[in-house]
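Q: coords please:
(2 chains)
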Number of protein chains: 2
Amino acid sequence: MDSESFRACGKTVIDYLADYMDNIRDRPVLSTVKPGYLYEMVPSEAPVKGEHWKTVIADFEKVVMPGVTHWNSPQFHAFFPTGNSYPAIIGDILSNGIGCVGFSWITSPACTELEVQVMNWLGKILDLPREFLNESEGPGGGVIQGSASEATFVCLLTAKDRTTKRIKALNPTMTDGEIKAKLVAYTSDQSNSSVEKAGLLGSMPMRMLKADISGRMTGAILAEAIAEDVAKGLIPCYVVATLGTTGTCAFDCLEELGPICNKNDIWLHVDAAYAGAAFVLPEYRYLMAGVQYADSFDVNLHKWLLVNFDCSALWVKNATHLVDAFNVDRVYLKHSYQSQDPQVPDYRHWQISLGRRFRSLKMWFVLKMYGVEGLQAHIKKQIHLADMFGKLVNQDPRFEVVTVTMGLVCFRLKGDNVWTKNLYERLMASGQIYLVTANVRSRLVIRFVVCSRLTEEVDVQFAWNEICTQADLVDSERDVTPVSICNGLTETWPKDMECELTTATAIVVKSLSQG
Amino acid sequence: MDSESFRACGKTVIDYLADYMDNIRDRPVLSTVKPGYLYEMVPSEAPVKGEHWKTVIADFEKVVMPGVTHWNSPQFHAFFPTGNSYPAIIGDILSNGIGCVGFSWITSPACTELEVQVMNWLGKILDLPREFLNESEGPGGGVIQGSASEATFVCLLTAKDRTTKRIKALNPTMTDGEIKAKLVAYTSDQSNSSVEKAGLLGSMPMRMLKADISGRMTGAILAEAIAEDVAKGLIPCYVVATLGTTGTCAFDCLEELGPICNKNDIWLHVDAAYAGAAFVLPEYRYLMAGVQYADSFDVNLHKWLLVNFDCSALWVKNATHLVDAFNVDRVYLKHSYQSQDPQVPDYRHWQISLGRRFRSLKMWFVLKMYGVEGLQAHIKKQIHLADMFGKLVNQDPRFEVVTVTMGLVCFRLKGDNVWTKNLYERLMASGQIYLVTANVRSRLVIRFVVCSRLTEEVDVQFAWNEICTQADLVDSERDVTPVSICNGLTETWPKDMECELTTATAIVVKSLSQG
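A: Residues are numbered from 1 along each chain as shown, chains lettered A, B, ... in the order given. Below is the predicted model:
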């Protein structure tokens, strides 16, 4: 493909995407293909001769598009939002065009320095403590990770290294292996499955502490678990607090957890993957009270802050711990590292991989083109739409609203879980809107999330109308127990339930099939 | 930004990139900015009001571009290539537009199925054993990882889990902690620094075995190390063999290593990040003889196969091990996972993160638009250009060629290392071309890599002319010992040396400053 073809093809694709977004309501939100559909349409071997771009674009519409679930459709209310905006796309096109690999400063100074600067920008917009910023006097700073999963894992590995060194200094006769075998991590049973996975991959038991009645991990819950483990001779090492849980968007009590962690030399990581975005609005910052105790703080711009995946913003209070744990140059190049200007970090020591894309570009485009006020208006509007939906549900006596927090409303049909499940199955079969469920203290709820930046009041009303239509059909069956329940729930449970809500769903599946 | 502005801005950016590529030779390959340059140009806070796209694009050229080192410039001969092509950029624009997060099949069936299919395509193009393909009867398959670092680390964690379970079954009284503390991994001292990092992050000692005189890890070298460790009561767990080392593009003796690993139940991972691409040409496949013994095989399409970063293709012979190590659903959802069609893998269990981009799209665009013949022609041409450069060097009696392999030529000025270092410093100061150095058995060499897909014979000649010009200046000094050597080499050593060649360079720095 020469540059003239690229100009033609590129412009065609730009128009294609603009048309796609303009008309996205015309496409069914949820793909209706059957497993294996694509293998029948795509040959089993690559073409020998190259194909013309027009052929490939036509294939894209024919082969790929039917298999797409449209995350940016205003009818998508499942999981959490995936960030997407025109400025982010533009920034990423330029990033791809430059195509630098920014593993050290010289390999593209702009790649490092722009990342430092936009991470400072965002840290200030969210009103994070100054110690987290790269421009503070201390060793703090921000870095873009690929995902919140990665951020949680990176901090776990750092905590492990930091604690092992600390214990080793106190007990020089203990081997590293002995120390590591005693380390324990904590989170609540409402945290994202990626937190449990970080413990699994990092060979550190991750205790999933039972949250309180509001879905929060409190100081008392954590203190009790720590005391148990210390009594057993174990070493508490790492706590992941969630601000905005996946199930119900609950907020752990950071102000209570923080002092406990600090007192016990436990690394406190804050996973604010979704709800952290709300801190662009001063009126929600009370929910992060206690953040000054944290060692690290993560928010996904690729969730609620309009930047395309992947862009997870991680700040650490002391990057030295990170570099110590991740830097394989330490023996030979210690001098040279130490003499390095802290304002030009070698970001390869802040992450798992050596290579890195120029991801700060898309973040820069979004922050500049939206401005602080644009981001605030976006979050405010989405919260308003969720409130509107909550009010619609509340007006219908058949339903109960379990929680309304940020852009998420958890609701259910009153009565036994089977009716909510019946409703949910009808909604999925109808396919007009896409939702997932969760379990809130053994009550099955449907999660309605305002996801797409294109969502308007008319879309919320559309979703509610569809829910009412299906609820009417459930009503007509109210006295009949659905057959599927008796036939073994795990078999018929829709596949999508195995996603981000894995743990919560699994518990539902288990409890329902047992009960 | 509304869709009309996006159309205008997007088309401007497409033209910008085409112009950039068409005129890339006009830009200095290596950025000449000083550390901190960007902080003086970019305000310390984000704008409150959003800015017009024309302002942001103008800022991009003014602020970002001067700080870019142009990896796609035909004058870039450092490290290894970074994949970049128009079809890949087009594919990624569409991926960003769709913006799905493919963590399970239903969240976008095309995202999973296209990845399965293009990984099969590429596996066949490279002539990998059939067991690695997803379409085989067995539990093998391919998955796109973010980087070779990630692939190496993912396989290390999998090997750790597999070995721990195996040893546990043999010795039920041993705790997991006791077993894990005995595990050992092996690689050569010529492997990429990311391999050492995987050991560090995975808490598994990674022994960097001294390679033979040709830079290869042989069976004898590995067998000796294993025997030592077994005698100490340790448990050999994981071997990373490199096909195409970073320093000199050496190939480990897979055919010797394989049977040793298989016999000892050691996971054998093949890191063919760069040179694996050469296997699109049948005449180079003898270099991967023994691949049938491997448990996993990784090649970066984002290095030499024209796909933009990030796109690292990893195949495993038995994905069950991966899923067992990474799946946090295992207790509750075991039944539901087992009943799943192996042709629609839940890729979230094949990687560290939960979320994932639709990366197979850019791979699909490249494979379709280049075709197998297009990829072959690309590799063939780049190898030809390296050969041409090697011949130019060989004709000049002042120089010696140390190795010519694939697209890499290692060369030096005859005599003491100081002259090669002097030459290198002059080349960097002149800034016409970008190269890095390496250490080959205590001889300092300059690495010349054919990197950009835009490189032509005229560019190779340009590089050679520049090298001759600077070598003439070195000649005029031949009897004077450069002052910088006496003043402490680590102080003046250029920053770029700390990059991908970290280990090799560190050894050079160390040996030179000691000697």
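Q: any idea of the pLDDT on the most centrally placed residue in chain A?
A: Centroid check for chain A by C-alpha atoms, centre = their mean gives residue A:273 as the closest residue, at 4.6 Å. For residue A:273, the model assigns a pLDDT of 98.
Q: can I assume it sits in a strand?
A: No. The assignment for residue A:273, made by DSSP: H, G, I helix; E, B strand; the rest coil, is coil rather than a strand.
Q: and it, how far is that from residue A:253?
A: Counting by C-beta to C-beta, to the nearest Å, the gap from residue A:273 to residue A:253 is 18 Å. No exception for glycine: its C-beta is placed from N, CA and C like everyone else's.
Q: element containing residue A:401?
A: Per DSSP states H and E, residue A:401 falls inside strand A:399-405.
Q: same deal with residue A:179?
A: Under the assignment given by DSSP H and E, the secondary-structure element containing residue A:179 is helix A:176-180.
Q: what average pLDDT does that helix get?
A: Per-residue pLDDT values over helix A:176-180 give a mean of 92.
Q: following it, which helix or strand comes up?
A: Scanning forward in sequence from helix A:176-180 by DSSP H and E, the next helix or strand is strand A:183-188.
Q: strand partners of that next one, parallel vs antiparallel please.
A: strand A:206-209 (parallel), strand A:235-242 (parallel) (DSSP bridges).
Q: so where's chain A shaky on pLDDT?
A: Counting by pLDDT under 70, the low-confidence segments of chain A come to A:329-342, A:479-515.
Q: show me it divided up by domain.
A: Here the domain assignment for chain A is A:3-83, A:100-357, A:372-479, based on the TED database.
Q: of the ones you listed, which stretch is the most buried?
A: domain A:100-357 (a mean of 22; mean count of other C-beta atoms under 10 Å in any protein chain shown).
Q: how far does that domain sit from the chain's center?
A: What separates the centre of domain A:100-357 from the centre of its chain is 14 Å, taken as C-alpha atoms, centre = their mean, to the nearest Å.
Q: ends of that domain, how far apart?
A: Start to finish, the residues bounding domain A:100-357 are 7 Å apart (C-alpha to C-alpha, to the nearest Å).
Q: if we can go back for a sec, packing partners of the helix holding residue A:179?
A: The contact analysis (3 or more C-beta pairs under 8 Å, 6 or more residues apart in numbering or on different chains; DSSP states H and E) places helix A:176-180 against helix A:148-170, helix B:176-180.
Q: using CSV, list the CA coordinates for the last one.
A: Output in CSV follows, covering the C-alpha atoms of helix B:176-180 (Å, rounded to 0.1, in the frame of the first residue of the first chain):
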residue,chain,number,x,y,z
ASP,B,176,3.5,-24.9,47.6
GLY,B,177,5.9,-22.3,49.1
GLU,B,178,8.5,-25.0,49.7
ILE,B,179,8.2,-26.2,46.1
LYS,B,180,8.3,-22.7,44.6
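Q: helix, strand, or coil at residue A:299?
A: Secondary structure assignment for residue A:299 (three-state DSSP): strand.
Q: repeat for residue A:349
A: Three-state secondary structure (criterion: three-state DSSP) places residue A:349 in helix.
Q: which ones are touching it?
A: The contact partners of residue A:349, taken as C-beta atoms under 8 Å, 6 or more residues apart in numbering or on different chains, are A:322-323, A:326-327, A:329.
Q: distance-wise, check it relative to residue A:434.
A: Distance from residue A:349 to residue A:434, by C-beta to C-beta: 40 Å.
Q: the stretch 351-500 of chain A: helices as residue ranges?
A: Taking DSSP state H, counting those that start in this stretch to define them, one finds helices in the stretch 351-500 of chain A at A:360-394, A:417-430, A:457-475, A:483-486, A:489-492.
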